[in-house]
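J.: I need the structure of the sequence given here:
(chains A, B and C)
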Amino acid sequence: MPNKFHNLLFGSIWIALALCLNPVSAQAESRGYVIGWLATASYYTGDVKMGCPDGRNGGVVEMHARELEAIGFDKKEAVELQRKQRDTDAIVPAYRDKVYNRARVNGKEGSVFTYPDFTPDPNVELYSGKYAYGFDLTGTASPSKFEDPETHAPVDNQLWRAMGCINQYRTFPPQKPMLEDTSWDVFVDNAPAWTIQITGDDLSKDGKVTVTFGRATQHLLRDATSGTLRDATYIVDPASKTHEVLEGEIKGGVLTIKPQHIYLEGELPFYMDIELENGHMRINRQSDGKLIGYMGGFTDWKRYAYMSIARPFQDAAAIEGYHALKKMADADPDPSTGQNRKISATFRWEAVPAYLADGNGNIIAAPDDLVQPQTVANNSSR
Amino acid sequence: MNSMRLLSARHATYLAIGIALIGAAISVRALAADTDVSADKPTSMRISSSQYRRTISDIFGSSIVITARFESETRENGLLAIGALNNSVSEDGFERYDEIAKDVAAQVIDKNHRNILIPCKPKSATASDDVCAGKFLSTTGRLLYRRPLKKEEIQTLVGVSKDTADKKKDFYAGISTSLVDLLISPDFLFRYRTLEPDPAHPGRTRLDGYSKATILSSFLWNSNPDDLLLKAAESGSLQTDKGLAKQVDRMITSPEIASGVRAFFSDMLGLDQFDILSKDAKFFPRFTPDAKRDAPEQTLRTIVDHVVNRQGDYRDLFTTRRTFLTRALAALYGVPLVDATDNARPMRWLPYTYPDGDPRAGILSQASFVALYSGAGRTSPTVRGKNFRLNILCQVVPPPPPNIDFSLIQDISNPKFKTVRDRLTAHRTNPTCAGCHRLMDPVGLAFENFDSSGGFRTTENGAPIDTSGEWNGVKFSGPVELTKALHDDPAVTACVARKVFAFASGTMPPTNTAPWKDVQAKFASSNYNFLRLMREIAVSDLLYAVPETRLSALERK
Amino acid sequence: MSKLVDLIGRRRVLKGLLAGGTVSVGLPILDCMLDGNGEAFADTGAPIPVRFATWFWGLGFGEGAWVPKASGTNYELPEQMRALEPIRHKLNLISGNEVFADGHPVATHVTGAQVTLTGRIEDKIKYAGSLDCLVSDVIGNGRRFRSLQVTCSGNPVDSWSARKDGTKLLAETSPLALYTRIFGPDFKDPNAAEFTPDPNVMIEKSALTAVTERRNDLMRQLGAADRAKLDAYFTSVRALENKLQVQLQKPAPMLACVRPGKPPEDDGGVVTLVSDAMARHDLFANLFASALACGQTNVVNLTITEGMSGLRFEGETASHHSLSHEEPIDPTLGYQKKCFEYQKVYMEGLLKFANAMDAIKEGDKTMLDRMLIFAYTDHGAPRLHSLHNYPAITIGSAGGRLKTGMHVPHAGQPITRVSLTVMQAMGVPIASFGTGSNRANSVIAEVAA
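T.: Residues are numbered from 1 along each chain as shown, chains lettered A, B, ... in the order given. You can find the predicted model right below:
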């Protein structure tokens, strides 16, 4: 069960600390964090059939077999052929070029990755389960809404409907959907960390707060278990495109924000950026100070799909995902074609406490998981 | 608890002593002063690995890389420098020196280095050249052996060089073989004390100038004597008070003095033990490999800044709020450190000052003490207290008697004894244990706010940590007050002075003598300026006393 | 006949009996031929060499479920390693090892092994100086083959060995071809070897004389205690002189040498069935054991496949590599079930490899005791191409230089520390290994003897 904001385990002495900070206001608290985990919010119980009763998507062999079918093999033949490969992860080398150039543009051959719209829809099974993480983005009832497994509210997450039966997405934390996991692993030691600053009068109580997303000038530091190092100091890059100031409120111990546009600049090969229209967020604080956040909104589905295509080792699944996302897109119709350009989506992240400094080296936020020493100050009897 | 080894039966004597001294104040044994005047104690000291490296770097430049391992050094009476007196070279050790020598020689003669490091060119590179070889070997040999080479020595080495050069038709191969000979020779691997007749006291002997130069350079610069120092030895000026003082002052005011200071404190504080330190990552995720690598360096930088750059009072090392941190250490200690280094570049060292009254001030609160003298999971106030007494106060607490029941102290699940203080108090109710533990535990308990990795905490098993105690009759509530009380304890400065002498000479000083008292007085009157202490020891006759004349040093004045 | 049976005589008698032919009868090393510690041949003083083997399997053990909870000697072997239970006292398992990318791009299924063996993360083209070559630089001289490399996959590039100058050592793929190379027409019976001394050793030995010649001169000037120290020093110099002297003499016969039988026909081509690859593995293991015992080499290297193991079980759809990415983690078990089966088979192979070495008796010990096998892999958790939590296994004590029987949790520490420990145990004179965050400056104290 997620813990609430005002269950502080450690009695921290804020007075001494406040004197060190560059205070937002004389009474304000300012806590710092860095994001140590981020992925598409996935829902999976371990039951292979969950949400995908047809069970026809299968694994990588079946996926490549579909590609072989697309160039004329019959199903049984295609599966046999793919199965015999030394490296079943990759399409049969002999048919590689044909498979990946099966897009037809004005009658000419084209790469499926450049012309996904001109590649026939592989028509994978879509997710039809009951639960998915997210937020109610429209405010109106709809049969296409899911139930959030945590809040039990009706939520929009058509991205999950599109991707939730694709094998690599069927995971649960701490795993991420596979290619996000592999690219994050590379990203995290090189790319600048995302910072979060939460300020408010008294973060141990319900009330209004401000949540500021930013980007550090340095990458995340790892601790001795390869997790994210707590209490390190990061400089918030004053020149970053990521500077999102969100109005929030802690209610019943959970922090939510007033919906607004959210933009996070990322790095290849993980995410070039994450942009959410009508962005929602909910954040819970664990007893050890870690934050777990869900953020959702309408995101450009093509951008998401192309990001997917761009990651190493993503091949057939990228085209399957592309077509599924295109079908499930549920917002922002193109005025000329009517095709929806955005899709409801949810991401999950985790953040650990950190010191944040501004571009001039002043500490603007502090971790809240530290035990601060009682300073035996000048009022000591000695 | 690594201080509590079950010992063999012969230590039953300690048990007897312990029982006999129940209730009485046990006096700790002070580190033995050297009153043994027999000439049968060794006087040669094996070169340490850091001195070896510095010497090679000083002579051949820092681009010569030594990758091999050195034979391990042993600690005696709290110092590796004292152990060096008894260290010889084992079979395995000699093979390592041989490997290192071959490696260094191969680099010295390689195409990148030969023209710079071998100042003469042979008549032909494919044949021997005794003149050029002789030049190189005598120049280099003087710097390696810390004295000029004798004619026979040069002849032998030139012969070796010629033999190889002729066989391999390569002048430089010959240089390499003879250079290896220099580097594996006992004259390089050991620092000797050579005697000569003392003209001021006919019939008696004194250390010759080269021996004095050797003592000085290894003490002050942790290296071999440089050319100027050797010239001072050669001219005889080192045998005069004025000449000696001139060289000492030159060396102390040089930036190289930091090497000597670092080498001393690294030895005194036992920082080499970081090599074998490990912490449970599950409990101490912030004790990263970076933090472990940086921890001893933090303390050495703190010390060098305080005693060399600022020439501050030695006693203030235990209370100074100024230190240096990297981001890795800052996270371990939970303090902010803004480092604007570019992404993915190495972390920099930045100065950091703790706020007034913060218990993390002073070198004892740094990981180099609190983490080094702790186990992988739990702290041990006894270990911390024992090493504090040994390192800082020169006091040896006797080892525990055999057959102790440790089950109480090691059981952390007993709800009656939540903190280690509670458990140790229960342990101390055993009269055989109380005597020694009374000496160790209170100091160790003062630092219980520092967990085994050096991080700060206020509770253990949910119970608040009590860091109060008493020192020399003065009550303290925590480490800040303890270290302030230490400031006024004469044992602190007396001990460091003795250790500096032992570091320089390999033996403890004769403390009850006028010359030693003079050294201490000068240390005191300089407001405990550590460089002044080094200076006074470096110019003191005590440092150059010939073993059989130590008695006469006692009698003088 | 009995009159002729003394130590030296017995050997001569047997050679005579066999007319000095190409086949020697393998004799056990008799205890009386060894010195007090069973370490050297009494008549020549030549030490029985310590040998080295590397053994590579692809795709690790998966996410953390395998890490034993206990550390030290009282731990439970991970499930997939159960086959190794009979020799657990001879092996160490080091878990939690890290490979650090330091901002470099990561070559999946390559970088981990590259850092483990060379200490550096860089372009694969620049791969050079693998630890087995650093070891063979030290112990490989004087043997017919400086080192041997094989792979069970059929692809000669599936080798992690490269010399310091970047020369890559390709792997032999056919056991029959390896047999021919070692025990074919060019095989010289070590028990009848011709011998020419190494001139460099002669130079080194005569150079040491310049040092030992000074003994009397130095001793004269010193007090008793210093003389004792100097004496210890010269004893050590003499020990090295003796070692060099031994190298200048004809080596002792290798009595444990048995020329093996010829393996079956095998063109060494690519295989995809696990059973085919492991059958080759077992043949290679026995050939290696013979090659080592016959003094043909002191360093051997085996890979089952490349990192991306393309092996599959008979009737199975996907390859091990595919499964490692797409098989979901079983929520009850906590690991990937099918991948686990592959890991089990590889570990059964490792047992066979170790047993082949253990079967060679040398006095009261076996060749395995005087050996170090270093088993490593490309990813700890290959599903994510993660660089975390690598397992590393050592088998054998390197002639007593390594403690064995332990699980060492090494979480967060660079894997190069294992590499450094292994190399130092084999006598490579380096104090540190690796660059950047992969730099190891100290060995793993728990296993260093």
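J.: Next, count neighbours for residue 210.
T.: Answering for chain A, as no chain was given. 16 (other C-beta atoms under 10 Å in any protein chain shown). For every residue, glycine as well, the C-beta is placed using N, CA and C.
J.: oops, chain C please
T.: Using other C-beta under 10 Å, residue C:210 has 22 other residues around it.
J.: Need the phi and psi values for residue C:375.
T.: Backbone geometry at residue C:375, expressed as degrees, to the nearest 10, gives phi -110, psi 130.
J.: Where does the prediction get shaky in chain B?
T.: Across chain B, the ranges flagged by pLDDT under 70 are B:1-40, B:401-412, B:547-557.
J.: what ranges do the strands span in it?
T.: Using DSSP state E, the strands found in chain B span residues B:29-30, B:45-46, B:190-191, B:195-197, B:205-207, B:322-325, B:350-353, B:395-396, B:459-460, B:463-464, B:469-471, B:474-476.
J.: Name the surrounding residues that touch the fourth one.
T.: In this case it means strand B:195-197. With contact meaning C-beta atoms under 8 Å, 6 or more residues apart in numbering or on different chains, strand B:195-197 is reached by B:204-208, B:211, B:546.
J.: re earlier: please work out which of the strands of chain B is packed deepest.
T.: Most buried of those by mean neighbour count (mean count of other C-beta atoms under 10 Å in any protein chain shown) is strand B:45-46; its value is a mean of 24.
J.: quick one, what contacts residue C:299?
T.: By C-beta under 8 Å, 6+ apart, residue C:299 lies in contact with C:51-53, C:132, C:135-136, C:139-140, C:146-148.
J.: how close does the closest residue to residue B:450 other than its chain neighbours get to chain A?
T.: Nearest non-adjacent residue to residue B:450, counting by C-beta to C-beta, 6 or more residues apart in numbering or on different chains: residue B:370, 3.9 Å away. Using C-beta to the nearest C-beta, to the nearest Å, one gets 13 Å for the distance from residue B:370 to chain A.
J.: what number of residues lie near residue B:370?
T.: So residue B:370, with other C-beta under 10 Å, has 26 neighbours.
J.: Would you mind measuring from it to residue B:299?
T.: 11 Å (C-beta to C-beta, to the nearest Å).
J.: Would you mind measuring from residue B:133 to residue B:92?
T.: Computed as C-beta to C-beta, the residue B:133 to residue B:92 distance reads 31 Å.
J.: and if you look at residue C:69?
T.: 37 Å.
J.: now do residue B:215
T.: Distance of residue B:215 to residue B:92, computed by C-beta to C-beta: 29 Å.
J.: Residue C:69 and residue B:92: which is more packed in?
T.: Each of residue C:69 and residue B:92 has its neighbours counted (other C-beta under 10 Å); residue B:92 has more, 13 against 8.
J.: and that one, what does it touch?
T.: Per C-beta under 8 Å, 6+ apart, neighbours of residue B:92: residue B:71.
J.: Roughly how far does it sit from residue C:424?
T.: 12 Å.
J.: Show me how the chain divides into domains.
T.: I'll assume chain A. Domain ranges of chain A: A:14-49+A:125-365, A:60-118, per automatic domain parsing.
J.: nope, chain B
T.: Taking automatic domain parsing as the reference, chain B has its domains at B:2-190, B:207-254, B:262-487.
J.: What's the end-to-end length of the last one?
T.: In this case it means domain B:262-487. 22 Å (C-alpha to C-alpha, to the nearest Å).
J.: surely residue B:268 meets residue B:497?
T.: No - Residue B:268 is beyond contact range of residue B:497, at 11.6 Å (criterion: C-beta atoms under 8 Å).
J.: residues touching residue C:85, list them.
T.: residue C:77.
J.: if you set the cut-off to 10 Å instead, what comes out?
T.: Shown in contact with residue C:85 (C-beta atoms under 10 Å, 6 or more residues apart in numbering or on different chains): C:76-77, C:351.
J.: before we move on, the earlier item: which of the domains of chain A is buried the deepest?
T.: Of all the domains of chain A, domain A:14-49+A:125-365 has the most neighbours on average by mean count of other C-beta under 10 Å, namely a mean of 20.
J.: Excluding residues flanking it in the chain, which one is nearest residue 117?
T.: Just going to use chain A. Spatial nearest neighbour of residue A:117, excluding adjacent residues (C-beta to C-beta, 6+ apart): residue A:326 at 7.9 Å.
J.: actually chain C
T.: Using C-beta to C-beta, 6+ apart and skipping the chain neighbours, the partner closest in space to residue C:117 is residue C:130 (4.1 Å).
J.: and if you look at residue C:422?
T.: Nearest non-adjacent residue to residue C:422 (C-beta to C-beta, 6+ apart): residue C:374, at 5.0 Å.
J.: The one you found looks like it's in a strand, true?
T.: Yes - assessed by DSSP: H, G, I helix; E, B strand; the rest coil, residue C:374 belongs to a strand.
J.: Identify the bridge partners of it.
T.: Taking DSSP bridges as the rule, residue C:374 bridges to residue C:54, residue C:394.
J.: My guess is it contacts residue C:393. True?
T.: Yes - with contact defined as C-beta atoms under 10 Å, residue C:374 reaches residue C:393; the gap is 7.6 Å.
J.: ok, the two, which is more surrounded?
T.: When residue C:374 and residue C:393 are compared for neighbours, residue C:374 comes out ahead with 28 against 22, by other C-beta under 10 Å.
J.: Can you read off the pLDDT for the more buried one?
T.: For residue C:374, the model assigns a pLDDT of 98.
J.: show me what contacts residue B:466?
T.: Contacts of residue B:466 by C-beta under 10 Å, 6+ apart are B:419, B:421-422, B:445-446, B:448, B:460, B:477-478.
J.: Looking at those, which is nearest chain C?
T.: Using C-beta to the nearest C-beta, residue B:460 is the member of the contacts of residue B:466 that sits closest to chain C, with 23.1 Å.
J.: Grab the nearest non-local neighbour of that closest one.
T.: Leaving aside its sequence neighbours, residue B:460 sits nearest to residue B:419 (C-beta to C-beta, 6+ apart; 4.5 Å).
J.: The nearest residue to residue B:243 once chain neighbours are set aside: neighbour count?
T.: Nearest in space to residue B:243, with sequence neighbours left out and distances taken as C-beta to C-beta, 6+ apart, is residue B:237 at 3.0 Å. Residue B:237 is flanked by 15 other residues according to other C-beta under 10 Å.
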